[in-house]
Structures are given as C-alpha cells and as structure tokens.
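**Student:** I'd like to go over a predicted model; first the sequence, then the structure.
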Amino acid sequence: QMQLVESGGGSVPAGGSLRLSCAASGGSYGLSYYTMGWFRQAPGKEREFVAHISWNGNIKKYTASVKDRFSISKDNNARTVYLQMNSLKVEDTAVYFCAASVSGSESAFSSAAYTTWGQGTQVTVSS
C-alpha cells in the first residue's frame, strides 16, 4: 500500500513563501497512476481542497483563494508532489495534507475521492 509523507511546513510572516513536498513510497503503482491533491484544515474548520494535479501533470486545478499564489507540480520519477506557496496570508494557516486518488481530475475536488492520505504538515503564517 502506498504511503505519503509531507514535509516543508513551518512558520513564516505574511508575504513569505514555503514549498511543501509529498513523498510517496510503497504501493504497486507510480504517481503517474494517480491524481494527486493537496488539502488543508484550519482549527475548527473542515478540511478543504487546495489544489490537484492529474496523473500526467497536464491538468492543474486550484481553489479560488490560492490561485495565482500557489503552484502544484510533481516529479513522477522521484515520486514526489510539490506545492509552492507564495504571497502567503494569515488565512493560509492550516495543516496541509497530501492525498492520492484513482479518480479523474473532474471529481478530484472532494476529499471523498482520495483513498490515501499523508499525516499532514503544519503551515503557520503570522501577521
């Protein structure tokens, strides 16, 4: 069974940048088999979709609040997915989760479409 491990979280001032990584290990298939997504969950709030990237990397989708600030990418050979976060805002503070889905990108906006999740990495943005 594939496992996902996120890293790269931390504390930054508003306007700063972070790059999250999600390393996959195990399982029978490489990342090219999956739609990969990033979600986040702030204290007291539900987990929300942030971004996803299709199996071949050709389709990338973002929630409106991060579009033009965040960028998702992946390296199938390295089995790693990235989330570059620029111009961070206080409201971006959350635990960020990486997840894998065998569903197509058209249904990958919902957490229910994802079957494998990482443990999360904390991102804290201060004013």
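**Tutor:** Now that the structure is in, tell me what you want to look at. Numbering: from 1, shown residues only.

**Student:** just checking, what packs against the helix or strand hosting Val125?
**Tutor:** Assigned by DSSP states H and E, Val125 belongs to strand 121-126. Contact partners of strand 121-126 among helices and strands, from 3 or more Cβ pairs under 8 Å, 6 or more residues apart in numbering; DSSP states H and E: strand 10-13, strand 18-25, strand 94-101. Glycine gets a C-beta too; all of them are placed from N, C-alpha and C.

**Student:** direction included, what does it pair up with?
**Tutor:** The strands beside strand 121-126 in its sheet (DSSP bridges) come out as strand 10-13 (parallel), strand 94-101 (antiparallel).

**Student:** can those strands go into TSV with extra columns for mean pLDDT and mean neighbour count?
**Tutor:** TSV is the format used below for those (pLDDT from 0 to 100; neighbours: other Cβ atoms under 10 Å):
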stretch	mean pLDDT	mean neighbour count
strand 10-13	98	13
strand 94-101	97	23
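
**Student:** looking at the ones you listed, which is closest to Thr80?
**Tutor:** For Thr80, the closest of the strands paired with strand 121-126 is strand 94-101, at 9.7 Å, according to Cβ to Cβ.

**Student:** that older thread, turn the strands paired with strand 121-126 into a markdown table, including distance to Gly44.
**Tutor:** Shown next, in a markdown table, are those (distance: least, Cβ to Cβ, whole Å):
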| stretch | distance to Gly44 |
| --- | --- |
| strand 10-13 | 19 |
| strand 94-101 | 11 |
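
**Student:** state the distance from the residue positioned nearest the centre of the chain to Val5.
**Tutor:** The centre of the chain sits closest to Trp38, judged by Cα atoms, centre = their mean, with a distance of 2.1 Å. Remark: distance between Trp38 and Val5 (Cβ to Cβ, to the nearest Å) = 14 Å.

**Student:** need the three-state assignment for Gly27.
**Tutor:** coil (DSSP: H, G, I helix; E, B strand; the rest coil).

**Student:** quick one: residues contacting it.
**Tutor:** 1-3 (Cβ atoms under 8 Å, 6 or more residues apart in numbering).
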